[in-house]
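Asker: Based on what follows, work out the 3D shape:
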Amino acid sequence: MRFLTLSIAALAALVAAEEVKVEVTRAVECDRKSKKGDKISVHYRGTLQSDGKQFDASYDRGQPLSFVVGKGSVIKGWDDNLIDMCIGEKRTLTIPPEFGYGDRAMGPIPAGSTLIFETELMGIDGVKAPESIIEKTVSSVASEATEGVKDAIKSKLADAAEAAKIVIADTDGDGQEHNEL
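Answerer: Down below sits the predicted model:
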């Protein structure tokens, strides 16, 4: 019974966990989007959600940040959400602490901070920059957003179904508690 209670609590935590909010502020068309393993260059401005105070900006230095996306060299909120971008695309990422710096302070960023990053993909190594940026229409952006929401819902439902299978398998009626997890 204790396992059942823990399983339900874990499932509730999974559903309630905060996610990174991604707002595409300039959608553009392209033939090649960023993907995991690409070395990308990103301009950004970082502010604290709590008071709007800017803590860093590559724009101020006149030099975008370059890194390999998806390899853990930046915070998880960036690593997971700067994929599938076109050169010239802009996104605003609202990153809760668990996808940022967590419970540790980092320079001017207090522990437990939700971060807001305005980002702009400036380049992908080995990919020719477009001669001009072609912005997408509102209807094509809405269609892609709808597909993204559908994918996210499917993923959460699959996670919940897996958790339910574990709970059901553990209530097999043999009179034993299974506290393996």
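Asker: what about stretch 69-89, average pLDDT?
Answerer: Across stretch 69-89, the average pLDDT comes to 96.
Asker: So what touches it?
Answerer: For stretch 69-89, contacts defined as CB atoms under 8 Å, 6 or more residues apart in numbering pick out 20, 22, 24, 26-30, 32-40, 42, 65, 67, 91, 93, 95-96, 99-101, 115, 117, 119-124, 127, 129-130, 133. C-beta: built from backbone N, CA, C; applies to glycine.
Asker: now the end-to-end length of it.
Answerer: Start-to-end span of stretch 69-89 (CA to CA, to the nearest Å) is 16 Å.
Asker: which of the residues in it are buried?
Answerer: Residues of stretch 69-89 classed as buried: 69-70, 75, 77-83, 85-89 (neighbour count, 16 or more other CB atoms under 10 Å).
Asker: Out of those, which comes closest to Asp159?
Answerer: Distances from Asp159 to the buried residues of stretch 69-89, taken as CB to CB, are shortest for Asp80 (15.9 Å).
Asker: Just the pLDDT for the nearest residue to Asp38 once chain neighbours are set aside.
Answerer: Nearest in space to Asp38, with sequence neighbours left out and distances taken as CB to CB, 6 or more residues apart in numbering, is Ile124 at 5.1 Å. Reading off the confidence values, Ile124 has pLDDT 98.
Asker: Quick check: bridge partners of Ile124?
Answerer: Ile40 (DSSP bridges).
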